[in-house]
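Asks: Mind folding the following:
(2 chains)
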Number of protein chains: 2
Amino acid sequence: MARRSRPTRTRTTTSGASPASPHIRRVLPVFDVLDEDQIEKLEAQVDWILQDVGIAFRDDPEAIALWSREGAQVEGDIVRAPADWIRALCAKAPRQFTQLARNPDRSVIIGGVHQVFAPIYGAPFVRDLEGGRRYGDMAAFRDLVRLTYMHPNLHHGGFVTCEPCDVPVSKRHLDMLLAHMTMSDKPHLGAITEMSRAQDSVDMAEIVFGADVMEQNCVIMGNVNTNSPLLVDKVVTEAIRVYCRRNQGIVVVPFILSGAMGPVSTAASVAQAMAEAMMVCAYAQLVRPGAPFVLGNFLSSMSLKSGAPTFGMPEPVMSNYAIGQLARRAGLPLRCGGSLTASKIEDAQAAYESADSMHSTMLAGANFVLHAAGWLEGGLCTGFEKLVMDADRLGGYQKLLSQGLDVSDEAMARDAYAEVVPGGHFLGCGHTMRNYQTAFYEPKLSDSENVESWEEAGSKDMRARAYERWTGMLESYEAPPIDPGLREALEAFVARRKEELPDAWY
Amino acid sequence: MARRSRPTRTRTTTSGASPASPHIRRVLPVFDVLDEDQIEKLEAQVDWILQDVGIAFRDDPEAIALWSREGAQVEGDIVRAPADWIRALCAKAPRQFTQLARNPDRSVIIGGVHQVFAPIYGAPFVRDLEGGRRYGDMAAFRDLVRLTYMHPNLHHGGFVTCEPCDVPVSKRHLDMLLAHMTMSDKPHLGAITEMSRAQDSVDMAEIVFGADVMEQNCVIMGNVNTNSPLLVDKVVTEAIRVYCRRNQGIVVVPFILSGAMGPVSTAASVAQAMAEAMMVCAYAQLVRPGAPFVLGNFLSSMSLKSGAPTFGMPEPVMSNYAIGQLARRAGLPLRCGGSLTASKIEDAQAAYESADSMHSTMLAGANFVLHAAGWLEGGLCTGFEKLVMDADRLGGYQKLLSQGLDVSDEAMARDAYAEVVPGGHFLGCGHTMRNYQTAFYEPKLSDSENVESWEEAGSKDMRARAYERWTGMLESYEAPPIDPGLREALEAFVARRKEELPDAWY
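Replies: Purely as a prediction, here's the structure:
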């Protein structure tokens, strides 16, 4: 953080110790958009892809051998299988499971009525109002881990909140894991880009949680993409073998821009995504029956002019609603959506697109939402202001989902009507005094004052307020407590592995 | 438009003749959020307000006399009535009705599966990137009528798109009506602030449509607010007598900030709004059974710090979903929501809040959405950039609502899978070539290009692009055709009434 001079710890305003961030236990109903005919056609298409089209498992003889041994129809690297069998295998995955956090108060349940928000994953660039756009580095990464830890509306740390491009690719997963494990106590993901890196992730998790706990509980997950259309690389199957064999979770996400990695039709792309993820889920259940699995979906549209991906548009909004319903029918926890945008900066475009994307993600019942905060530029860039702007809005969704509409006697406020005359006001009445402090979601970054007050305060737009917020948060950061022996063991592991590994930039 | 120099009509890019803007015929299911218990409690509360609390009808002996004559329990100006009777009266209002436009292609259906978007109503100020924030005037008003006419995603002209503060209050309704009737051919609302102004509105509509057509059809509507809590001023009842006696429509909207004009509880405020609007609907049906009625709802939350209204927050989002379901049960067309925000400018706050507000408005099934575009600063200010920014997003909602998810054989794209290998792409396949031109909503104001292209084009934010869009639209504006005799008759009416009326600024 060389860019900013930090005052020494005075912390008069906010506490650096983040409050526990319970994830969402939803009471608001889900939004089912598909009728029986639509469900039937979509599921028939899924079955047709599984049975007749098939999905390739490439460069991984072990995966192909397992499919063959279990009775799938294997032709080269194409695997076809009876849909009933694939669905039966998927049914072995838990409908919901707990991912333990180092701090038990921050453990999350993934699946069912639970919804968990995590920040952006995988951006090579970062942007903030002071430093502009630049390659991500370890300093930025650590700040993002700090912010994610501190923010009450993010329940999960994700993993690659930005790529720390100043650390060799062969070693950066170690630094990232160490940061998540020591600078935060929220749950997080592990590495997947190579089998040994996945193994390092699971090994470090074992240092934190112990082998016995891991055998019984999910404490870390990998997030992998299929290579759509219809191709599963060995990165996926190897990650499954490392994570699932240890009973750890795996999130499998077909990344589809309709018209490129899937047909130029939302329905067909949704069905393809379901088929790909279910086939991989079935593989995971063959590797270890009952392994925690999250069915992922990342579907977006394209600009006709340039073929550039577009976000927050009606087609991906529709796909969120549709996949939510299909995932519930399949009985699998769902990852989809996020606060997605193609905008390069934190302007109105970014917010419109992110809000429509996230509103549909939320109503769709997505159980694990990666990219819920911080996403810019189609995922190429993590915005520091965007992170706290999105997260501020997540608090509103959290209230909506977890509280629904209270119709208790107290909420009906009948006594208030004895105090208020027609045309009067409820400002001072007993019911208001009893309830006003918890009645409304109080955002941190929305300015609702009148124009005169806003101008007096400098006519700041939301970006400027967001900059003040995240820099202020970092000033008051305090690392969560950690057993010194645990910290040493993690540091020793990282040091040893860094010794063993050559520097490599790919 | 003195601020800008307009090039003489060359119009090489866009045509000034706006394409027909069919409103939305929804195929996407509505989102029902309330369970039986919640519905029962809310409707019991509505009934209790109607029967036991009562609603005041103030300063209008004619209204009180009618209620007495029809058998309501009248005590001073408080009217109480059996809920069954009020519900039976509400059932006389049409579940849906057509509002004719001067151009029949632009007539709209209000109610049922139809959803109609109209711009902001009632702001005294306007703001644009060039002129900044200033009082609205007739020049700005006319530009807003032009833009609303031209924009394909706005189906209805609304009425007071800004207050033309340079025209005496006693006369400005005439200029506004003339602008809507001659510079646009979309449907619009009329004046309500005083009985004679409502009468002028209906009289001018009669010049356009003729008395016979008006006897059979809704051609103009008034939009009135109750004086919440529980008070109906004579503005409302008089407007009903003018509009409904002529079989014209009336939109009645309780404006409630929870904690001020209603209890600090979303459920209680929703129930109060339902009770107020249903009581007024019953009054309208007593005046003329079958008169077109739109049940309005405008509910928002407050900042704890200052008591300032807040928008786009979880409480009004919840109220949109709840009121949608209650209005469908009551069988009444609904007005609620809009692209609402407390932000002073077109920044990310404005867009986040507007999007969450509008996404819920849309899914709630709102049949008539005033404030769907252009709203800033809690409704005090009409933004020119905001108008086209919001309207650009409305096109996405329009597609989502009216198309839903296509699962036709063509949409399932099975032939594409014969052309594409695993890991390949669908970019050039036959299915893509047949469908790509209509596959995606193509927004005008979202920039989805890569950062290099965006920077080369000047690193413009969405506001800058919006400024270019609305100024460009105005440059290519062409008034819709109008019979010269009709125009003269309208102008003569306005001239005569202006002669008759004194200048008054209240």
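Asks: which residues sit against the helix or strand containing A:T148?
Replies: Assessed by DSSP states H and E, A:T148 sits inside helix A:138-150. Contacts of helix A:138-150 with the rest of the structure, by C-beta atoms under 8 Å, 6 or more residues apart in numbering or on different chains, involve A:1-2, A:16, A:18, A:118-119, A:126, A:154, A:157-158, A:161-164, A:166-167, A:172, A:175-176, A:179-180, A:183-186, A:374, A:382, A:384, A:387-388, A:470, A:473-474, A:477, A:480. Placement of C-beta: from N, CA and C, glycine included.
Asks: before we move on, what about stretch A:478-495?
Replies: With contacts defined as C-beta under 8 Å, 6+ apart, stretch A:478-495 is touched by A:15-18, A:102-103, A:149, A:174-175, A:177-178, A:181-185, A:203-204, A:207-208.
Asks: what does stretch A:416-429 give?
Replies: Taking C-beta under 8 Å, 6+ apart as the rule, stretch A:416-429 contacts A:430-432, B:49, B:53, B:55-56, B:58, B:77-78, B:227, B:229-231, B:259-264, B:268, B:307.
Asks: Now, of those, which are buried?
Replies: Among the contacts of stretch A:416-429, those scoring as buried are A:431-432, B:49, B:53, B:55-56, B:58, B:77-78, B:227, B:229-231, B:259-264, B:268 (criterion: 16 or more other C-beta atoms under 10 Å in any protein chain shown).
Asks: now, which of these lie within helices?
Replies: Those of the buried ones among the contacts of stretch A:416-429 mapping onto helices are A:431-432, B:268, per DSSP state H.
Asks: Can I get the residues you listed in TSV including distance to A:M279 and pLDDT?
Replies: As requested, these are exported to TSV (distance: C-beta to C-beta, whole Å; pLDDT from 0 to 100):
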residue	distance to A:M279	pLDDT
A:H431	55	97
A:T432	56	96
B:A268	51	98
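Asks: okay if I get these as TSV plus distance to A:V235?
Replies: Output for these, formatted as TSV (distance: C-beta to C-beta, whole Å):
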residue	distance to A:V235
A:H431	58
A:T432	57
B:A268	54
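Asks: which residues are in contact with stretch A:35-46?
Replies: Stretch A:35-46 is contacted by residues A:34, A:83, A:267-268, A:270-272, A:274-275, A:278, A:322, A:325-326, A:329, B:29, B:405, B:407, B:412, B:414 when judged by C-beta under 8 Å, 6+ apart.
Asks: likewise stretch A:434-448?
Replies: Residues contacting stretch A:434-448 (C-beta under 8 Å, 6+ apart): A:388-389, A:392-393, A:395-396, A:399, A:410, A:454, A:457, A:460, A:462, A:465-466, A:469, B:258-259, B:264-265, B:301-304, B:306, B:308-315, B:342-344, B:349, B:352-353, B:378.
Asks: Quick check: ChimeraX command selecting the buried ones in those.
Replies: To isolate the buried members of those in ChimeraX, using 16+ other C-beta under 10 Å:
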select /A:388,389,392,393,395,396,399,454,460,462,465,466,469 /B:258,259,264,265,301,302,303,308,309,310,311,312,313,314,315,342,343,344,349,352,353,378
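Asks: mind listing which of the contacts of stretch A:434-448 are in helices?
Replies: Using DSSP H, the contacts of stretch A:434-448 in helices are A:388-389, A:392-393, A:395-396, A:399, A:410, A:454, A:462, A:465-466, A:469, B:314-315, B:349, B:352-353.
Asks: residues from the stretch 151-300 of chain A in reach of chain B?
Replies: Contact residues (C-beta under 8 Å from any C-beta of the partner chain) of the stretch 151-300 of chain A with chain B: A:227, A:229-231, A:258-268, A:270-271.
Asks: Walk me through the regions of chain A where pLDDT falls short of the threshold, as ranges.
Replies: Residues of chain A meeting the criterion pLDDT under 70: A:1-21.
Asks: and the gap between A:R133 and A:I345?
Replies: Relative to A:I345, A:R133 is positioned 9 Å away (C-beta to C-beta, to the nearest Å).
Asks: what's the answer for A:D390, then?
Replies: 14 Å.
Asks: Could you check which of the two has the larger neighbour count?
Replies: When A:D390 and A:I345 are compared for neighbours, A:D390 comes out ahead with 36 against 25, by other C-beta atoms under 10 Å in any protein chain shown.
Asks: Next up, the contacts around that one.
Replies: Counting by C-beta under 8 Å, 6+ apart, A:D390 touches A:339, A:354, A:358, A:372-375.
Asks: if you set the cut-off to 7 Å instead, what comes out?
Replies: A:339, A:354, A:372-374 (C-beta atoms under 7 Å, 6 or more residues apart in numbering or on different chains).
Asks: could you pull out the helices for the stretch 401-506 of chain A?
Replies: With DSSP state H, counting those that start in this stretch as the criterion, the stretch 401-506 of chain A has helices at A:409-412, A:416-419, A:430-439, A:451-456, A:462-475, A:484-500.
Asks: Mean neighbour count, those: which tops it?
Replies: Most buried of the helices of the stretch 401-506 of chain A, by mean neighbour count (mean count of other C-beta atoms under 10 Å in any protein chain shown): helix A:462-475, with a mean of 20.
Asks: If you count contacts, what does it end up packed against?
Replies: Counting contacts by 3 or more C-beta pairs under 7 Å, 6 or more residues apart in numbering or on different chains; DSSP states H and E, helix A:462-475 packs against helix A:138-150, helix A:384-403, helix B:348-363.
Asks: Which residues of the stretch 1-150 of chain A lie near chain B?
Replies: For the stretch 1-150 of chain A, the residues in contact with chain B (C-beta under 7 Å from any C-beta of the partner chain) are A:28-29, A:31, A:33-34, A:38, A:41-42, A:45, A:53, A:56, A:133.
Asks: Just those residues: which are in helices?
Replies: Using DSSP H, the residues of the stretch 1-150 of chain A next to chain B in helices are A:38, A:41-42, A:45.
Asks: Mind putting these into CSV with distance to B:S448 and neighbour count?
Replies: Converted to CSV, those look like this (distance: C-beta to C-beta, whole Å; neighbours: other C-beta atoms under 10 Å in any protein chain shown):
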residue, distance to B:S448, neighbour count
A:Q38, 28, 18
A:K41, 30, 19
A:L42, 27, 24
A:Q45, 28, 24
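Asks: center of chain A, which residue is that?
Replies: For chain A, the residue nearest the mean C-alpha position is A:L370 (1.5 Å; C-alpha atoms, centre = their mean).
Asks: Looks like it contacts A:G122 (just checking).
Replies: No - assessed by C-beta atoms under 7 Å, A:L370 is found out of contact with A:G122, at 9.1 Å.
Asks: which residue sits closest to A:S170, ignoring its sequence neighbours?
Replies: Spatial nearest neighbour of A:S170, excluding adjacent residues (C-beta to C-beta, 6 or more residues apart in numbering or on different chains): A:A504 at 3.9 Å.
Asks: Compute the number of surrounding residues for that neighbour.
Replies: Residues lying near A:A504 (other C-beta under 10 Å) number 10.
Asks: Same question for A:A413.
Replies: Residues lying near A:A413 (other C-beta under 10 Å) number 27.
Asks: ok, it - contacts?
Replies: With contact taken as C-beta under 7 Å, 6+ apart, A:A413 is in contact with A:431, B:263, B:265, B:268.
Asks: how about JSON lines for the residues you listed, with distance to B:A63 added?
Replies: Converted to JSON lines, the contacts of A:A413 look like this (distance: C-beta to C-beta, whole Å):
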{"residue": "A:H431", "distance to B:A63": "30"}
{"residue": "B:P263", "distance to B:A63": "26"}
{"residue": "B:S265", "distance to B:A63": "29"}
{"residue": "B:A268", "distance to B:A63": "26"}
